[in-house]
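Student: A predicted structure for the sequence below; I have some questions about it.
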Amino acid sequence: MTKINVIIPAYNEADSISHVIKDIPSIAEEVIVVSNNSSDATEENAKKAGATVLKENKRGYGYACLKGMDYISNKKDKPDIIVFLDGDYSDYPEELEKIVAPIIKDDVDFVIGARVKRLREKGSMTMPQIFGNWLATFLMKLMFNAKFSDLGPFRAIKYNKLLALKMEDKTYGWTVEMQLKALKQKLSYVEVPVNYRNRIGVSKVSGTVKGAIFAGIKILAWIFKYSFK
């Protein structure tokens, strides 16, 4: 039986987090919500929905993901696969089985849920997000011959492969760092088209000009850093 753990970074997602948790298929052994300094009822609602709740007071998507990984590293019974998804209900958690299928059935190392245009709800991705995704994946194709089309947050990876990546980004560069390191370590990977809808609440990254700018800078910095390695 394949053991699957889910890590959900969450910052003030009280209105959405229970929906996310309840829609995750039962094949996931444990759902870990990392409250990233939330000031609302995110933690309480996540616990009520059946998740393991951790606290990470340092603000940053990467900080939250690393906290979840640290918790898993101390478990006696380690998972085979780690799934990451957002806590805002923009992803469709029920598609988790589709995300992990290439790992379980075909022994692929790493799977990205690609938010393809035909499956995206209108307005679910902002123009800066769409352009940023295009630019980042175009540069990865140009520099590393990558076949990525998205930096989608809904993703699955073999646990041992994730550890080998030695992830370090604390903020906006987490997703692109994982993809770049997967390319460098020659992991097998595929993209799976996923549905994507308008999130509940306001995005902390794409919903603000500051967030979008900082995310763009961080993503490009990682790509250029790896182009010279």
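Tutor: Looks like it came in fine.

Student: centroid-nearest residue for this protein?
Tutor: The centroid of the chain falls nearest to Pro153 when counting by C-alpha atoms, centre = their mean (3.1 Å).

Student: now do the strands in the protein.
Tutor: 4-10, 28-35, 52-55, 81-84, 110-114, 155-158, 189-193 (DSSP state E).

Student: just checking: what are the partner strands of the last one?
Tutor: Translated: strand 189-193. Based on DSSP bridges, the pairing partners of strand 189-193 within the sheet are strand 110-114 (parallel).

Student: for Arg115, the count of nearby residues, please.
Tutor: 26 (other C-beta atoms under 10 Å). C-beta here means a position set from N, CA and C on the backbone, and glycine is covered the same way.

Student: just the pLDDT for Thr175.
Tutor: We have a pLDDT of 92 for Thr175.

Student: so what's it closest to, chain neighbours aside?
Tutor: Spatial nearest neighbour of Thr175, excluding adjacent residues (C-beta to C-beta, 6 or more residues apart in numbering): Leu151 at 4.6 Å.

Student: does that neighbour touch Phe138 like I think?
Tutor: No - using C-beta atoms under 8 Å, Leu151 is not in contact with Phe138; the gap is 11.8 Å.

Student: tell me which of the two has more neighbours.
Tutor: More neighbours surround Leu151 than the other of Leu151 and Phe138, with 23 against 14 (other C-beta under 10 Å).

Student: distance of that one from Thr42?
Tutor: 24 Å (C-beta to C-beta, to the nearest Å).
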